[in-house]
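1. My questions are about this predicted structure, shown below with the sequence.
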Amino acid sequence: MLGKKLIFVLVILCVNCSFSQEKDSTLVALEKQVTVATNDSLKVEALLNLGIYQLRRDFNKISKYHDQISRIIEFSPAYDARSQMGQLLQQKGVYNRKKSNYTVALSRYQESQRIFLELKDSLNLSTNYHNIGVVFEYQRERVKAIDNFKKAIAINKQLHNLKKLADNYNAIADNYFYVEQLDSVQYYFDQAIKNYEFINNEEGIHQVLANQSASLTRRKKHKEALPLQLKNFEYLQTTNKKEALAESHFNLAHLYNQLKQFDKAMFHVNKAIDIAKNEKIGELLSKSY
């Protein structure tokens, strides 16, 4: 009997150990920064960093961080929190864009833009222009999207920020397809890959592959698009980016459907639906159905 109890205890310990090993080490480190912060400004900075991380992994969890930040800023007038408020509004913009609340997202970006202009904060201003460009892209206002991405590019060239430049190039590229400038599509994708490779950013490289695949799909070049999307999908399976993984499942379903491989299409669209339900990604759930 004692032996059975010992075995049971060992099994529980092994399970707990397994769960702890699976815990996201980056998330643990970011959460620790919040708890060890020695003043309000540092705590807000840590919560903002946590929000940035979760926006790309599990964005439904960031509302609680935003509530904490708002309370701290409201009741801690001892320091200048304008920059942090601008960053908070920017994150709220991204959150609302992911929830398909485009009008609210644009409003939050415009509020944060006023703060960054007042502070002459070029780095955050470039991010803000990029985010506004994304909202216009989602609203299919391609000329406005390109205009804002170009503003971000101009700032990041001055700052020599290769990561942000690559993000800008990757975002602007496919918008040129809709204004019938196909040479610009390829040019900006090439520039994005070049910058991501220079700074050895694997995640960025795979984002470009996904966007190139989507661009080829829109031109009905499904056989060329499939291997690029499969490379991106293989990479996403090693990450915690649930929203991006759901999008990749959806895109693979569409490609396999066009290629008349219907069993594979059904497998991937059902996976997209499962993730979209769990993560409350309304637009993707609608598209998948």
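-> On my side now, so go ahead. Residues are numbered from 1 along each chain as shown.

2. Distance of the residue nearest the centre of the chain relative to Asp147?
-> With distances taken as C-alpha atoms, centre = their mean, Arg56 lies nearest the centre of the chain, 3.7 Å away. From Arg56 across to Asp147, the span is 25 Å (C-beta to C-beta, to the nearest Å). Backbone N, C-alpha and C define where each C-beta goes, glycine included.

3. Phe198 now?
-> For Phe198, the distance to Asp147 - C-beta to C-beta - is 26 Å.

4. Those two: which is more packed in?
-> A direct count of neighbours by other C-beta atoms under 10 Å for Phe198 and Asp147 places Asp147 higher, at 16 against 11.

5. Can you classify the more buried one by secondary structure?
-> helix (DSSP: H, G, I helix; E, B strand; the rest coil).

6. Now do the contacts for it.
-> Applying C-beta atoms under 8 Å, 6 or more residues apart in numbering, one finds that Asp147 lies in contact with Gly133.

7. what's the helix or strand for the residue lying closest to Ala173 once chain neighbours are set aside?
-> Excluding the flanking residues, the one nearest Ala173 by C-beta to C-beta, 6 or more residues apart in numbering is Tyr188, at 3.7 Å. Here Tyr188 sits within helix 182-198, counting by DSSP states H and E.

8. who does the helix or strand that that helix is followed by touch, helix- and strand-wise?
-> From helix 182-198 onward toward the C-terminus, using DSSP H and E, the following helix or strand is helix 202-218. Packing partners of helix 202-218 (3 or more C-beta pairs under 8 Å, 6 or more residues apart in numbering; DSSP states H and E): helix 162-173, helix 182-198, helix 222-236, helix 242-258.

9. what about the helices in the stretch 1-150 of the chain?
-> In the stretch 1-150 of the chain, the helices defined using DSSP state H, counting those that start in this stretch lie at 2-22, 25-36, 40-55, 63-75, 82-98, 102-119, 122-138, 142-159.

10. per-residue confidence averaged over the longest one?
-> Averaged across helix 2-22, the pLDDT comes to 42.

11. cool, and the fifth one?
-> Rounded to a whole number, the mean pLDDT of helix 82-98 is 93.

12. how many degrees apart are that helix and helix 40-55 in direction?
-> Orientation of helix 82-98 against helix 40-55 (axes from the mean of the first three to the mean of the last three C-alpha atoms, to 10 degrees) gives an angle of 20 degrees.

13. Alpha carbons of helix 82-98, as PDB, please.
-> What follows is helix 82-98, C-alpha atoms only, in PDB (Å, rounded to 0.1, in the frame of the first residue of the first chain):
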ATOM      1  CA  ARG A  82       2.500  60.900 -20.700                       C
ATOM      2  CA  SER A  83       4.700  58.500 -22.600                       C
ATOM      3  CA  GLN A  84       3.400  55.500 -20.800                       C
ATOM      4  CA  MET A  85      -0.200  56.700 -21.400                       C
ATOM      5  CA  GLY A  86       0.600  57.000 -25.100                       C
ATOM      6  CA  GLN A  87       1.900  53.500 -25.100                       C
ATOM      7  CA  LEU A  88      -1.100  52.200 -23.200                       C
ATOM      8  CA  LEU A  89      -3.500  53.900 -25.800                       C
ATOM      9  CA  GLN A  90      -1.500  52.300 -28.600                       C
ATOM     10  CA  GLN A  91      -1.800  48.900 -27.100                       C
ATOM     11  CA  LYS A  92      -5.600  49.400 -26.700                       C
ATOM     12  CA  GLY A  93      -5.600  50.300 -30.300                       C
ATOM     13  CA  VAL A  94      -4.000  47.000 -31.300                       C
ATOM     14  CA  TYR A  95      -6.300  45.100 -29.000                       C
ATOM     15  CA  ASN A  96      -9.400  46.700 -30.500                       C
ATOM     16  CA  ARG A  97      -8.100  46.100 -34.000                       C
ATOM     17  CA  LYS A  98      -7.600  42.400 -33.200                       C
END
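
14. What are the contacting residues of that helix?
-> 41, 44-45, 48, 51-52, 55, 59, 62-63, 66, 69-70, 73, 102, 104-109, 111-112, 115-116, 118-119, 121, 124, 127-128, 131, 134-135, 138, 243, 281.
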